[in-house]
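Q: Predicted model, plus sequence, below.
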Amino acid sequence: MMEILTGNEVMSGATVYLDRDGKWVEKLQQSRVFLKEEAEARDAAIAATKKTMRINSLEIETVTLRDGVIYPDRIRERIRAEGPTAPRMDRQHLDGDGHVSI
Amino acid sequence: MYRYDEFDASFVRERTAQFRDQVNRRLAGEINEDQFRPLRLMNGLYLQLHAYMFRIAIPYGTLRSKQLRKLAFLARTYDRGYGHFTTRTNIQFNWPKLRDVPDMMEHLNEVEMHAIQTSGNCIRNISTDQFAGAAADEIIDPRPVAEILRQWSSLHPEFSYLPRKFKFAMTAAPSDRAAIKFHDIGLKAVKNAEGEIGWEVWVGGGMGRTPMVAKLIRPFVEHENLLAYSESIVRVYNRYGRRDNKFKARIKILVHEIGIDKMREEVEAEYALTKGGQLTLPQAELDRITAYFAAPEFERVNVTELDIQREKTLDPAYGDWLERNLHTHRAPGYASVTISLKPIGGVPGDCSADQMDAVADLAERYSFDELRVTHEQNLVLPHVRVSDLREIYDVLVEHELATGNAGLITDMITCPGLDFCSLANARSIPIAQEISRKFADSGRQREIGDLKIKISGCINACGHHHAGHIGILGVEKKGTELYQISVGGDGTEHAAIGDILGHGFVADDVPDAIERLVETYIAKRTSADEPFIAAYRRLGDAPFKEALYGAQ
């Protein structure tokens, strides 16, 4: 089982993902993928994120890797990553001051 | 129309200043999200899948032009140039930034609007018949009483933390256009044996995962006692409603579990203590509020019968619009116009800022500055002269608002679904769009006649699927969106909950499934005068099941 961390940035509400460098970024494909045996690191990242107080609705999402591409298991997460499908419109983006690191 | 008094104005100003401070403290890290969430929700600010969503109250669905223009301004300035009208006759903006919301609230205050009690376990926006004050069939204008209930329920100290949210709907016409029997309390204006007008009170209706049609709790309550009786119901609910399980917390569950007779007994006991007290509504106060809703000074105009068949020959689109989008007005020579927010292939309930401005201009010029929002996610110009209809139509055409489909198969209620909503399990909007495209042909829609399709993206039923002649409920199973189809629901005075016909369909198969239901109806109706819902009641669900799943 593989997992990623996702949430919504506090100012814009934009969907964000924790990347490998500990930054919360817009792109799903930059997400850090946690393996089953990395639960401790995952939980530490969650705790550090909560301390920033800038990421809301923090969730663990299960994903599948297909040829190196991260594919969320839930439809909901696929839509969150891309933005609304109908009407098709761009997702919310972070403001200049919306970047969060742990 | 009601106008804020000094108390109202100062209260919403103070609330806005308070919220600005709360936002600043949240952004400065002085309060965390767990502390901030209830504060933002009290002010109508949700966090959805992609962004915040700001829900603004439109009390009893009534707007003035300058209010709609202000909503257009907010859409342009702080959102993405559009808003979404909802089944509670509110408007939602899907893309605001947190820092901007206090500014948006300040702008709303300038036009006597706010977002208070558009979330939370309190008494929500009270909805009414969209033709209130205009309809030929109503016995009074229900909005003055709706306004009194709004004032009573706003920031009611006892009812700010109910077991669950609580919704009123009211109508004063025999034709229920406000779905009152699917509300926690439904009120219908009626005359008693002495010819006095009062309120028939229904309780315990609702949709969601446990749909219930409301039960009659009292056949007649006088105006002066309506607040006392309403307070008695909500007090009994607040006392006995379940708080241990949010899925069983609505009043409909309480009424179902203890039964309407026991509920009535409890309410009457409370009413005996409340009646005649400080909640008695003085006639002078009712008169004062009623004066704000005084009917416009309608001109005495020469009544010319509309020859719709002739207009259809000359200009079919205009004729179709006249045929479907007008409602009979109580003043001779006037009509109420439904402005459809359901263009073919569009998003039900969405309205661009430019369209809002255009509609506001029309209301100002042709409808005594009045507008309505319907629970079916359309807009209404309530009071227009029949002689102005062509000019109005031409402006609507210019702004892509002239779809003549009110009450037809493409006039669907649709919740935002999984494209926006954090509660949804499946998308609703693309299903509505595909059905709309499939039935785009105007002649085909008219051949089918009155048919209400209602679509929800989860069991919470914001898209009223239980009350759809054809209801569609989106669910997720093993990573796939599936859509259950029900038939026979009805949100009118003949309220009924639809029957699920069988297993769900994948999204691509839904429009064809709807087509098969429609074909079955057309093949089996007694004549074109028998609407879908009447045919269903006569036939039962067997032929519709067979249409979807074959002979059982």
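A: Thanks, I have it. Numbers count the residues shown, from 1 in each chain, chains lettered A, B, ... in the order given.
Q: which residue ranges form the strands in chain A?
A: For chain A, the strands defined by DSSP state E occupy A:2-9, A:15-18, A:23-25, A:34-35, A:55-66, A:69-72, A:100-101.
Q: out of those strands, which comes closest to B:R243?
A: Taking CB to CB, strand A:55-66 is the member of these nearest to B:R243, at 24.4 Å. Glycine gets a C-beta too; all of them are placed from N, C-alpha and C.
Q: Need the residues that contact the closest one.
A: A:1-10, A:13, A:16, A:24, A:31, A:33, A:42, A:46, A:49-50, A:70-74, A:77, A:100, B:33, B:47, B:422 (CB atoms under 8 Å, 6 or more residues apart in numbering or on different chains).
Q: hmm, try it at 6 Å
A: Strand A:55-66 is contacted by residues A:2-4, A:6-8, A:10, A:24, A:49, A:70-73, A:77, B:33, B:47 when judged by CB atoms under 6 Å, 6 or more residues apart in numbering or on different chains.
Q: Next, the buried residues of that strand.
A: If you call a residue buried by 16 or more other CB atoms under 10 Å in any protein chain shown, then strand A:55-66 has these buried ones: A:I55, A:N56, A:S57, A:L58, A:E61, A:V63.
Q: Also stretch B:534-542?
A: Using 16+ other CB under 10 Å as the test for burial, stretch B:534-542 gives B:A534, B:A535, B:Y536, B:L539, B:D541.
Q: cool, stretch B:320-333 as well?
A: By neighbour count on 16+ other CB under 10 Å, the buried set for stretch B:320-333 is B:D320, B:W321, B:L322, B:E323, B:R324, B:N325, B:L326, B:H327, B:H329, B:R330, B:A331, B:G333.
Q: Alpha carbons only: can I get that stretch in CSV?
A: In CSV, the C-alpha atoms belonging to stretch B:320-333 read as follows (Å, rounded to 0.1, in the frame of the first residue of the first chain):
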residue,chain,number,x,y,z
ASP,B,320,-41.8,28.1,-26.8
TRP,B,321,-40.5,30.5,-24.1
LEU,B,322,-43.9,32.1,-23.7
GLU,B,323,-45.5,28.7,-23.5
ARG,B,324,-43.2,27.4,-20.7
ASN,B,325,-41.7,30.4,-18.8
LEU,B,326,-44.7,32.5,-17.8
HIS,B,327,-46.8,32.1,-14.7
THR,B,328,-50.2,33.6,-14.2
HIS,B,329,-50.1,36.9,-12.3
ARG,B,330,-52.8,38.1,-10.0
ALA,B,331,-52.9,41.5,-11.7
PRO,B,332,-54.5,41.7,-15.1
GLY,B,333,-52.1,42.4,-17.9
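Q: What lies in contact with it?
A: B:131, B:134, B:136, B:298, B:301, B:303, B:308, B:311, B:335-338, B:386, B:393, B:402, B:404, B:406, B:442.
Q: again with stretch A:29-45
A: Applying CB under 6 Å, 6+ apart, the external contacts of stretch A:29-45 come out as A:M1, A:M2, A:E3, A:I4, A:Y17, A:L18, A:D19, A:R20, A:I70.
Q: mind checking the end-to-end distance for that stretch?
A: Counting by CA to CA, to the nearest Å, you get 18 Å between the two ends of stretch A:29-45.
Q: Return the distance of that stretch from the chain's centre.
A: Put simply, stretch A:29-45 sits 11 Å off its chain's centre (CA atoms, centre = their mean, to the nearest Å).
Q: List the buried residues of the helix or strand harbouring B:L362.
A: Using DSSP states H and E, B:L362 falls within helix B:353-366. Residues of helix B:353-366 classed as buried by neighbour count (16+ other CB under 10 Å): B:A353, B:Q355, B:M356, B:D357, B:A358, B:V359, B:A360, B:L362, B:A363, B:E364, B:R365, B:Y366.
Q: One more: stretch A:87-95?
A: For stretch A:87-95, a neighbour-count test (16+ other CB under 10 Å) marks A:R91, A:Q92, A:L94 as buried.
Q: helices and strands of chain A: which one bottoms out on pLDDT?
A: Least confident helix or strand, chain A: strand A:100-101 with a mean of 90, by mean pLDDT, DSSP states H and E.
Q: Please see if that one touches chain B.
A: No - Strand A:100-101 does not reach chain B (CB under 6 Å from any CB of the partner chain); its nearest approach is 11.6 Å.
Q: partners of that strand in the sheet?
A: Using DSSP bridges, strand A:100-101 pairs in its sheet with strand A:23-25 (antiparallel).
Q: Among the buried residues of strand A:55-66, which pair sits farthest apart?
A: A:N56 and A:V63, at 20.6 Å, using CB to CB across the buried residues of strand A:55-66.
Q: Now do the buried residues in stretch B:49-65.
A: By 16+ other CB under 10 Å, the buried positions in stretch B:49-65 come out as B:49-65.
Q: just to revisit the earlier point, now the helix holding B:L362, how far from the centre of its chain.
A: Centroid separation for helix B:353-366 versus its chain: 21 Å, with CA atoms, centre = their mean.
Q: Quick one: mean pLDDT for that helix?
A: Helix B:353-366 carries an average pLDDT of 98.
Q: and chain B, which of its residues are near chain A?
A: B:29, B:32-33, B:47, B:49-52, B:97-98, B:347, B:418-419, B:429-430, B:433.
Q: ok, these vs B:L41, which is closest?
A: B:L47 (9.4 Å).
Q: dump the residue contacts of that closest one.
A: B:L47 makes contacts with A:N8, A:G13, A:N56, as judged by CB under 6 Å, 6+ apart.
Q: 8 Å instead?
A: So B:L47 contacts A:N8, A:G13, A:N56, A:S57, B:M53, B:S422 (CB under 8 Å, 6+ apart).
Q: Can you pull up the most central residue in chain A?
A: Nearest residue to the geometric centre of chain A (CA atoms, centre = their mean): A:Y17, 2.1 Å.
Q: what does the model give the closest residue to that residue other than its chain neighbours for pLDDT?
A: Of all residues not flanking A:Y17 in the chain, A:S31 sits nearest, at 4.1 Å (CB to CB, 6 or more residues apart in numbering or on different chains). Per-residue pLDDT puts A:S31 at 98.
Q: filter the buried residues of stretch A:87-95 down to the ones close to chain B.
A: A:R91, A:Q92 (CB under 8 Å from any CB of the partner chain).
Q: Let me have the buried residues of stretch A:87-95 in a markdown table, adding distance to B:Y4 and pLDDT as columns.
A: What follows is the buried residues of stretch A:87-95, written out as a markdown table (distance: CB to CB, whole Å; pLDDT from 0 to 100):
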| residue | distance to B:Y4 | pLDDT |
| --- | --- | --- |
| A:R91 | 38 | 94 |
| A:Q92 | 33 | 96 |
| A:L94 | 38 | 95 |
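Q: Which single one of the buried residues of stretch A:87-95 is nearest to chain B?
A: A:Q92 (4.2 Å; CB to the nearest CB).
Q: And the closest one, how far from B:H329?
A: Applying CB to CB, to the nearest Å, the value for A:Q92 to B:H329 is 44 Å.
Q: Contact partners for the residue sitting furthest away from the middle of chain A?
A: No residue in chain A has its C-alpha farther from the mean C-alpha position than A:P87, which lies at 23.0 Å (CA atoms, centre = their mean). Residues near A:P87 by CB under 8 Å, 6+ apart: B:V347, B:D350, B:I429.
Q: and the last one, what are its phi and psi?
A: Okay, so that is B:I429. phi -60, psi -50 (degrees, to the nearest 10).
Q: Setting aside sequence neighbours, what's the nearest residue to it?
A: B:I429 sits nearest to A:A86 (CB to CB, 6+ apart), 4.3 Å away.
Q: Which single helix of chain A contains the most residues?
A: What stands out as the longest helix in chain A, according to DSSP state H, is helix A:39-52.
Q: That helix relative to strand A:2-9, how many degrees between them?
A: Interaxial angle of helix A:39-52 relative to strand A:2-9 (axes from the mean of the first three to the mean of the last three CA atoms, to 10 degrees): 0 degrees.
Q: chain center to helix A:39-52, what's the gap?
A: Distance, centroid of helix A:39-52 to centroid of chain: 13 Å (CA atoms, centre = their mean).
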